[in-house]
Structure formats: C-alpha cells, structure tokens
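Peer 1: here are the coordinates; sequence isn't available:
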C-alpha cells in the first residue's frame, strides 16, 4: 500500500513538472552561438509558390535572417 | 514586413549574400499572394504546425501566437544575433539589425 502511494505521488510530480518544462522550451529563444536547426518549409515569393521546399542548409555560406511573424496581411 | 521591404537595401545588403526568410503559420498560397500584392522582394515560408517556430523558441507564451522574433544565422550556420522580440516600431531595432547583418557580410572588393 505504501509503495502504491509513493508511486502515485511520483506520478503526480511528473505530470505537473512536464507541462511547465514543455512551455519553457517553447518560449525560450535560441541563443547566440547555438547551431541553427535545419528545417524544410514550403515557401513562396511574389512570383508564386516554389515547387520545392526551402531548407536552411540551402543557404550555407550566406547570412540568413529568419523573421517569424504572426499573421499575413498585418501591419509592421 | 513593409519596413523590411522598404529598407531591404540597408537592412539586408539588398539580398547580396543575405537571405531574408519571413515565416508564419499562414499557407504558402496566402503568403505568396501577400508578397505579390505588396511587392515583397524576399522569401516567405509557411510553418503551419509551428514546428520551426518551436525549434527556435520563437513562439510567444500565448498558444499558437508567434511574436515578431528574429534570428540572424551566420555563414557558419550558427545563431549570430537574436531579437526576441524584434521591436518593429522602434527605429533603433532596424539600425541594430543592419549593423549585425553588416558584420557578417563579406567586404565588397
């Protein structure tokens, strides 16, 4: 019985710790010096949608500015 | 985005050795049509699941929201400058960005 209680408490502790940690990870921006994670995203230009996705690695040797924004057709 | 368009030459070396990629959760069709209507000269990328936003920590605390967060990746593939958030109404934010990008761009002959 005692063992069961301990297990249950540990379960609660884990459950309450996990979401907080996940949120921190989502909010904390990468820092200067970190290796920029590669990605593959559908992209477009003013001339239309590109047939192939873009990857960070496509631009190796260049400076790449990643500007995250909330919504298209907003000011700023 | 309009400030980036209007100051493209100063901020992003007019695209020489610099790639600007604007990222949001909008569809790629929506982003392209906005770029066409407003004549953006840079790339726009669609991150509908916010996977890349999460990987960079570019998401705001409100679920599903992305602040204007900006990362400059140097030619070595490492983060060289972070503006999180990028203060888009503050003129010094642009001066600072231009200076950081300038440091990474090779000198012209």
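Peer 2: The structure has been received and is ready for your questions. These numbers come from a predicted model, not from an experiment. Residues are numbered from 1 along each chain as shown, chains lettered A, B, ... in the order given.

Peer 1: where in chain A is pLDDT low?
Peer 2: Within chain A, the ranges that satisfy pLDDT under 70 run A:1-27, A:76.

Peer 1: what's in contact with stretch A:30-42?
Peer 2: For stretch A:30-42, the external contacting residues (Cβ atoms under 8 Å, 6 or more residues apart in numbering or on different chains) are A:49-50, A:53-57, A:64, A:66, B:23, B:28, B:45-47, B:51-52, B:55-57, B:71, B:73, B:77-82. Where you see a C-beta, it was placed from the backbone N, CA and C, and this is true even at glycine.

Peer 1: which elements pack onto the helix or strand hosting residue B:97?
Peer 2: Applying DSSP states H and E as the criterion places residue B:97 in helix B:91-104. Counting by 3 or more Cβ pairs under 8 Å, 6 or more residues apart in numbering or on different chains; DSSP states H and E, the packing neighbours recorded for helix B:91-104 are strand A:63-68, helix B:8-12, strand B:69-73, strand B:79-83.

Peer 1: check which residues of the second one are buried.
Peer 2: Of all the residues in helix B:8-12, those buried under the rule 16 or more other Cβ atoms under 10 Å in any protein chain shown are B:8, B:11-12.
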